[in-house]
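Asker: What shape does this take:
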Amino acid sequence: MAERVQQPPAKRLCCRPGYNPACRQGQRAGGVLCGGAGSAPGGSGNGKTHNPESLLDIAARRVAEKWPFQRVEERFERIPEPVQRRIVYWSFPRSEKEICMYSSFNAGGEESGTSGDNNDETQLPFLRGVTLLEGGWVDNVLQVGFHLSGTVTDPATPSSPELVCSVSVSFDRCKITAVTCTCGNKDIFYCAHVVALSLYRVRKPEQVKLHLPISETLFQMSRDQLQKFVQYLISVHHTEVLPTAQKLADEILSQNSEINQVHGAPDPTAGASVDDENCWHLDEEQVQEQVKLFLSQGGYHGSGKQLNLLFSKVREMLKMRDSNGARMLTLITEQFMADPRLALWRQQGTTMTDKYRQLWDELGALWMCIVLNPHCKPEQKSSWLRQLRRWNSVDVCPWEDGNHGNELPNLTHSLPQELLHKGHTSITNMEGWVGHPLDPIGTLFSTLTESGRAGEEGSNTYCSSVVSRADLQRMPVQRLLGDGESYVALAVETALIGLGQQRVMPDGLYAQEKVCRNEEQLLAKLQEVELDDSLVKIFRKQAVFLLEAGPYSGLGEIVHRESVPMHTFARYLFTSLLPHDAELAYKIALRAMRLPVLESTASSGDLSRPHHIVSVVPNRYPRWFTLSHIESQQCELASTMLTAAKGDSRRLETVLESIQKNIHSSSHIFKLAQDAFKIATLMDSLPDITLLKVSLELGLQVMRITLSTLNWRRREMVRWLVTCATEVGVYALDSIMQSWFTLFTPTEATSIVATTVMSNSTIVRLHLDCHQQENLASSARTLALQCAMKDPQNCALSALTLCEKDHIAFETAYQIVLDAAATGMSYTQLFTIARYMEHRGYPMRAYKLATLAMAHLNLSYNQDTHPAINDVLWACALSHSLGKNELAAVIPLVVKSVKCATVLSDILRRCTLTTPGMVSALHSRRNSGKLMSLDKAPLRQLLDATIGAYINTTHSRLTHISPRHYSEFIEFLGKARETFMMAHDGHIQFTQFIDNLKQIYKGKKKLMMLVRERFG
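Answerer: Numbering: from 1, shown residues only. Model prediction:
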C-alpha cells in the first residue's frame, strides 16, 4: 500500500451534549494498560487460568464488533469510563488472519510482493513483520481511543543503516481502517512495520497503554488545563504546528468563520461515525497503479502471473466475506477497461492474445462470484449490475469468443420428429457448463472439495500460527448432507453431470480451445480423487444415467451433429469403471466413439441402431478449429479400449467395428494399428493373434483410405502393413498380394510388397518350406505381371526382376515391355530395362530395347550435358560390339535423334577405334580386325551428320554471342575442324566454312579477327 506520513483527517466531530463537567472531577486523566483489571477473560491473560468472562467484556465485545462508536454515544447520554475502555479495547482486530491477508499475496507465499521477483517467503511483509515483532523492534506503543501508534525499527544490515519508522493505525469494529508509516514503501498491501505494530497489539494487549479518545480527555480539563495543554503542545512542536495553530486561533476568534458554524470539533481518535463504511483499509490508488503497470508490461516480466495473484487475492477476500473483494475487483476491471491495447486491437481488427483473454475470463468468473453471493444486499447487486452494464456498453469492451447467448437454434429442430414423438424432450443445453466463461462446474467442484478439506488447510499456510484449526472447523460442514454423503462425493457427482452434458460446440478458436482446456482441468481434478466403494456407486449411477438420459446427455442415444464430443470424458469413465463394471465401461466408451460432425448423417447411438440425425443447418456453423485435437482424443479412447481388450476376441471385434465406423483420419487409424501391433507383440508374452488380426484389419483400412489420396507417410504405411502381415502369417501375405489392387498402387505392390515378400529375411522369419516358398513366389509373380500390365512404365523392371526364376513369367514380362515400348514408356525407362537385360545376359534384347528407346529421344544442338548422353553412348557401344549390321541399324536412329555436334563427334570417334563385332565394348581391347571406313555407310552418314551439326551449331551460337564467349567459341571451332579433317576433303570444306563465316559475320570484327588468327 502507499503509506502516507500525514495523519488521516478526523472522521467525525465530537461533542457531548448535556455533558456535566462536575461529574468528571477527580477522575484520573491518565491511561491504564489494556490488560488491566477486567481487561481480558481469565484475569492475567496469560492463558494459565480460565475464569468466566465478565458480562461487561461479553457485551463490550459484541458492541465493538457491530456498532460504530458514534451510535453508542448517541444511544446513551452518559457512558461510564470503564465501559468506554472495554469497547475501545475490543474494537481492535483480534484475529491475525485479515492482517496476514492484507500483507501478503496469498496463503502459499509464492510471491514476495506485487512488484518484486524475489520468491523468498521470508521477504513477505507479514513474515517480516512477525520477525520484527519477535525481535523486539517495536516500541512506544500507545493506544488513544481508536488510534494505535508506535515506532518500529528496521535493524541495520550490511547494505542499509538502521531505520526507525513511526507507524499509526486507525481501527473500527475490529477492522483496520487506515494506516500510515514513515518508511515510504509503496505497495498494495501493508508494510512490515504496520504488521509488526498491529500484531504487537493483538499478541501483547496487556503491554499497550490504553487511553480514551482525546476528546474525552479534553472534556475532563479545566480552562487553565486546556490552555496549558495547547501551549505545551505548540511549544514542543512549534516548527510544525505553529502556523496551523495561529490559523485555527484566528478562525475561532472570528464569529463569522466556518469553523464556528459547526458544533463540536474533529477527533481522529474517536472512532467511526454512523455514516462511515466499515471495511479494511485498501489503498485504491496503489491497486490502480499496480494493475496499470502490469497491463503495460504486456505479459513480460511475469506480469500475467502477478495479475493472477491479484485475482487470487480477490478470491481470498470473497472467501472471507470481505467487502473489499468487490471493491478491489472494481478497481482492477476499470484498469482493464482503460487498457489502450483494447482500442488498438479493435482498430486493427485483431484479436487479443490467449493469455490476455484468460485474464478477462478470470475477471468474469470473479464477477460471477460477487453477483451470485447470497450474503450481498439487493441494493449492492443492483449497483454492480449497473456498473457491469456501463462497462459492457463501452465500444472497446471485448466480446466473448463463442456463442453463449440465445442465438443458436433449438437443437430439437434438427431431430427426427419420430424420435421426438417417442418421448425425447427438447434439448435446452444451449450454454455448456463445461467451457462456459464463468466455469460453474469447476467453481462448484472446488467449493465442495475445499469444504470437505476445511479441517486440514489450517496447517498448510504460513498463517497457521494465527488461524487456528478450531476456527476452520467451526463451520458445520456436515449439516446439509444426507446419510452416507460427503462433500467429495457431491463434487465428483457434480463434475460427472457437467462433463456429460450435451452442449453445442461454441464459435471461435478460443472458445473451442477453452472447452477442451476446461474439460481437461476438470478431469485432472477428478483424477486426484481416490475412488472408494461409495464413489464407484456414483460413477455407475451417473454412467447409466448418461446412457439413458436422452437429449440432455452427450452420451445419450441421440446427439446433435454439432455437439461437443465425449471422447476425453469417456476415456476417464472407461478407465475408472473397467475394474468394477467392464460391461458398463465398454458401453460408455463405444457410445462415445462417434463423431457426428464428420458424418453426412450422424449416428444416433449404438452401432446396431438404424436411427440417424440429419443436420438441417450444415452450413450455419463455423468450422471446428479444434477438430484435430478432438480426433486425437477419439484415437486415444480407441487405443485405451484396444489395450484393455487384449485377449478378449469378442471385445476386440466390437472395438474394431467401432473404429472402422467412426474414425475417419487415416493417420489416426494407422496409429491405432501400430498401437495394436505393439500390444500384441510384447516381448514378455506370446503374440496375441486376435489383436494382430485387428492390427492388420486397421492397416488394410488405412491402405484403402489413402490409396487414392496423397499422404506423405504412405510409403511408411505400406512397409508397416507388410511387416504386420508377415507377423500374422503366410496366409496374410498371400491375401494382400491376391487383393493388391484394392490396397496398393502398382508401383507399391511390386517395389515394396512383392519384393519384401520374396526377400530371404521374410522366408527365414516365417520358416517356410519349399512348397510354401513356391506358392508365395507364384503369387508375387502373378502380382508383378498384373502390375506391369497396369503400369508398365513404373513396374516393368520390378516385374522382370521378380520373374527371373520363372521362364514363362519372365518372357511374359518381356513381352509386356515390348508392347508398351511404342507408346507407353519413355526412353529413360527403356534404356534402364535395356541395361538390365544386358546385365542379365540378353544382349540382343538389350539392343532391341535400346533401339526402341532411341526412337523416343531428341537431343538438340545445345544439350551437350543431357542425362541421356551416356545412354546413347552405351547403346552405340552395344551395337558396335554386336556387329556391323547392328551398328548400321542404330546409326540412322542416332542421326535422327541427336543434333548435338559434340555428342555425334564422340560417337564417331568411338566407332572408328575398334572393329564392329570383334571387340566387347565392356573391355575395349584392340585386335587386328579391319576398321570401318568413314567413306562408306554407315559411318559416312554419321560423319556428314556430325559436320552438319557443327555448321548449324556455329550459326546458332553466332546469332546471340557476346564478347565474353569469344574464346569458348574459338575452342568450339577447333573441335569442329578436327571432325572436318576426318573426311577426305575435310580441309577444303572447313576452309570454305571459315570463309563463309568471315563474309556473313564481318560486322563482328573482333571475333572475326580471332578466327583469322587461329584458322587463317
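Asker: Need the per-residue pLDDT for the nearest residue in space to Trp384 that is not next to it in sequence.
Answerer: Setting aside the residues directly before and after it, Trp384 is nearest to Val371 in space (C-beta to C-beta, 6 or more residues apart in numbering), at 5.6 Å. In this view, the C-beta of every residue, glycine as well, is placed from N, C-alpha and C. According to the prediction, Val371 has pLDDT 87.
Asker: okay, now Val371: neighbour count?
Answerer: Val371 has 14 neighbouring residues, counting by other C-beta atoms under 10 Å.
Asker: And Thr244, by the same measure?
Answerer: Neighbours of Thr244 (other C-beta under 10 Å): 11.
Asker: gap between Arg390 and Leu522?
Answerer: 33 Å (C-beta to C-beta, to the nearest Å).
Asker: Compare neighbour counts for the two and give me the winner.
Answerer: Leu522 (25 against 11).
Asker: Tell me where the stretch 101-250 of the chain has helices.
Answerer: 125-134, 192-203, 214-219, 223-236, 238-253 (DSSP state H, counting those that start in this stretch).
Asker: what would those helices look like in JSON lines with distance to Thr654?
Answerer: Putting the helices of the stretch 101-250 of the chain into JSON lines (distance: least, C-beta to C-beta, whole Å) gives the following:
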{"stretch": "helix 125-134", "distance to Thr654": "60"}
{"stretch": "helix 192-203", "distance to Thr654": "66"}
{"stretch": "helix 214-219", "distance to Thr654": "86"}
{"stretch": "helix 223-236", "distance to Thr654": "94"}
{"stretch": "helix 238-253", "distance to Thr654": "90"}
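Asker: For those, give me a markdown table that also has distance to Ile659 and mean pLDDT.
Answerer: Shown next, in a markdown table, are those (distance: least, C-beta to C-beta, whole Å; pLDDT from 0 to 100):
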| stretch | distance to Ile659 | mean pLDDT |
| --- | --- | --- |
| helix 125-134 | 57 | 90 |
| helix 192-203 | 63 | 92 |
| helix 214-219 | 84 | 83 |
| helix 223-236 | 91 | 86 |
| helix 238-253 | 86 | 83 |
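Asker: quick one: which of the ones you listed is nearest Tyr586?
Answerer: The minimum distance between Tyr586 and those falls on helix 125-134, with 54.2 Å, by C-beta to C-beta.
Asker: on that earlier part again, spit out the contact partners of the residue nearest to Trp384.
Answerer: Val371 makes contacts with 381, 384-385, 388, as judged by C-beta atoms under 8 Å, 6 or more residues apart in numbering.
Asker: In ChimeraX, select just the buried ones from those residues.
Answerer: ChimeraX command restricting these to the buried ones, with burial defined by 16 or more other C-beta atoms under 10 Å:
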select :384,388
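Asker: Closest to Ile869 out of the contacts of Val371?
Answerer: Distances from Ile869 to those, taken by C-beta to C-beta, are shortest for Leu388, at 81.4 Å.
Asker: Secondary structure element for that closest one, which one?
Answerer: Following DSSP states H and E, one finds Leu388 within helix 378-393.
Asker: That helix packs against which elements?
Answerer: helix 324-337, helix 354-371 (3 or more C-beta pairs under 8 Å, 6 or more residues apart in numbering; DSSP states H and E).
Asker: just the angle between it and helix 324-337, please?
Answerer: 10 degrees (axes from the mean of the first three to the mean of the last three C-alpha atoms, to 10 degrees).
Asker: how about helix 378-393 as PDB, C-alpha atoms only?
Answerer: Taking C-alpha atoms only, helix 378-393 is exported to PDB below (Å, rounded to 0.1, in the frame of the first residue of the first chain):
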ATOM      1  CA  PRO A 378     -30.100  -6.300  -3.200                       C
ATOM      2  CA  GLU A 379     -29.000  -2.700  -3.400                       C
ATOM      3  CA  GLN A 380     -25.400  -3.900  -3.800                       C
ATOM      4  CA  LYS A 381     -26.300  -6.300  -6.500                       C
ATOM      5  CA  SER A 382     -28.300  -3.500  -8.300                       C
ATOM      6  CA  SER A 383     -25.300  -1.200  -8.100                       C
ATOM      7  CA  TRP A 384     -22.900  -3.900  -9.500                       C
ATOM      8  CA  LEU A 385     -25.400  -4.700 -12.300                       C
ATOM      9  CA  ARG A 386     -25.500  -1.000 -13.300                       C
ATOM     10  CA  GLN A 387     -21.700  -0.900 -13.300                       C
ATOM     11  CA  LEU A 388     -21.400  -4.000 -15.400                       C
ATOM     12  CA  ARG A 389     -23.800  -2.700 -17.900                       C
ATOM     13  CA  ARG A 390     -21.900   0.600 -18.200                       C
ATOM     14  CA  TRP A 391     -18.700  -1.300 -18.900                       C
ATOM     15  CA  ASN A 392     -20.400  -3.600 -21.300                       C
ATOM     16  CA  SER A 393     -21.700  -0.600 -23.300                       C
END
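Asker: wait, which of the helices of the stretch 101-250 of the chain is closest to Asn278?
Answerer: Short answer: helix 192-203, nearest of the helices of the stretch 101-250 of the chain by C-beta to C-beta, at 17.2 Å.
Asker: which residues are in contact with that closest one?
Answerer: 3, 34, 92-96, 99, 103, 125-126, 128-133, 137-138, 141, 143, 148-150, 152, 154, 165, 167, 169, 176, 179, 181, 183, 190, 207-208.
Asker: Next, the buried residues of that helix.
Answerer: In helix 192-203, counting by 16+ other C-beta under 10 Å, buried: 192-202.
Asker: Of the residues you listed, just say which sits nearest to Phe574.
Answerer: Using C-beta to C-beta, the buried residues of helix 192-203 come closest to Phe574 at Val195, 52.3 Å.
Asker: Run a quick neighbour tally on the closest residue to Phe336 other than its chain neighbours.
Answerer: Among residues not flanking Phe336 along the chain, Leu363 sits closest, at 6.4 Å (C-beta to C-beta, 6+ apart). Neighbour count of Leu363, defined by other C-beta under 10 Å: 20.
Asker: Next: Gln941.
Answerer: Neighbours of Gln941 using other C-beta under 10 Å come to 15.
Asker: Next, work out how far apart it and Tyr950 are.
Answerer: 15 Å.
Asker: Need the contact partners of the strand ranked longest in the chain.
Answerer: Secondary structure assigned by DSSP state E gives strand 163-172 as the longest strand of the chain. Identification of contacts with strand 163-172 by C-beta under 8 Å, 6+ apart yields 5, 7-8, 68-69, 91-93, 146-154, 176-183, 193-194, 196-198, 201, 268, 271-272, 276, 278.
Asker: Contact partners for Ile763?
Answerer: Gln773.
Asker: Please give the element, helix or strand, for it.
Answerer: helix 760-766.
Asker: what comes up buried for the longest strand of the chain?
Answerer: Buried, per 16+ other C-beta under 10 Å, within strand 163-172: 165-172.
Asker: before we move on, back to that, pick the one among the buried residues of helix 192-203 closest to Arg75.
Answerer: Arg201 (26.8 Å).
Asker: Could you give the average pLDDT over stretch 769-787?
Answerer: 94.
Asker: quick revisit: sort out which of the contacts of strand 163-172 are in strands and list them.
Answerer: 147-154, 176-181.
Asker: Most neighbours among those residues, which one?
Answerer: Val152 (28 neighbours).
Asker: May I have the beta-bridge partners of that one?
Answerer: Following DSSP bridges, Val152 is listed with bridge partners Val138, Cys165.
Asker: got any ranges where the stretch 601-750 of the chain has weak pLDDT?
Answerer: 601-622, 683-684 (pLDDT under 70).
Asker: That should have said the stretch 901-1016 of the chain, apologies.
Answerer: In the stretch 901-1016 of the chain (pLDDT under 70), the answer is 917-930.
Asker: all helices of it, in order?
Answerer: Going by DSSP H, counting those that start in this stretch, the stretch 901-1016 of the chain shows helices at 901-913, 939-959, 966-980, 986-1000, 1005-1015.
Asker: Let's have the ones in strands among the contacts of strand 163-172 in CSV, adding distance to Ala889 and pLDDT.
Answerer: Converted to CSV, those look like this (distance: C-beta to C-beta, whole Å; pLDDT from 0 to 100):
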residue, distance to Ala889, pLDDT
His147, 122, 89
Leu148, 120, 92
Ser149, 121, 91
Gly150, 119, 92
Thr151, 119, 92
Val152, 114, 92
Thr153, 115, 91
Asp154, 109, 88
Ile176, 113, 90
Thr177, 115, 89
Ala178, 114, 90
Val179, 111, 91
Thr180, 114, 91
Cys181, 111, 91
